[in-house]
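Chemist: after the sequence you'll find the predicted model.
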Amino acid sequence: MTKETTVARALLVLVFAPAGGLFGKAVAEAAAGQAWWPWLVVALVWLVLSGTVSVAVFNRLDQHR
């Protein structure tokens, strides 16, 4: 496995695992009849920000090749 592949897999986990937990929290709040939309907003913000950072890191590694 190359260094780029290892970094890409780690970034994939760091982006989607927390977002999945936040989406799950939104579903749990909706099932409990409470406000669920703040958790959904946080999950979407997390996906956008961490996705942007991971693309920047991956592009930076790609430039050094």
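Modeler: Alright, I've got the coordinates.

Chemist: okay, and the most centrally placed residue in the chain sits in which element?
Modeler: Using CA atoms, centre = their mean, the residue of the chain that lies closest to the mean C-alpha position is V15, 2.4 Å off. Per DSSP states H and E: V15 is located in helix 3-31.

Chemist: and the next helix or strand after that helix, what's buried?
Modeler: Remark: after helix 3-31, the chain's next helix or strand is helix 37-63, criterion DSSP H and E. Neighbour-count burial for helix 37-63 flags W39, L40, V42, A43, W46, L47, S50, S54 (criterion: 16 or more other CB atoms under 10 Å). Using the backbone N, CA and C atoms, a C-beta is placed for each residue, glycine as well.

Chemist: ok, the third one to V27 distance?
Modeler: This means V42. Computed as CB to CB, to the nearest Å, the V42 to V27 distance reads 13 Å.

Chemist: cool, the second one as well?
Modeler: Computed with CB to CB, the distance linking L40 and V27 is 9 Å.

Chemist: same deal with the fifth one?
Modeler: Relative to V27, W46 is positioned 16 Å away (CB to CB).
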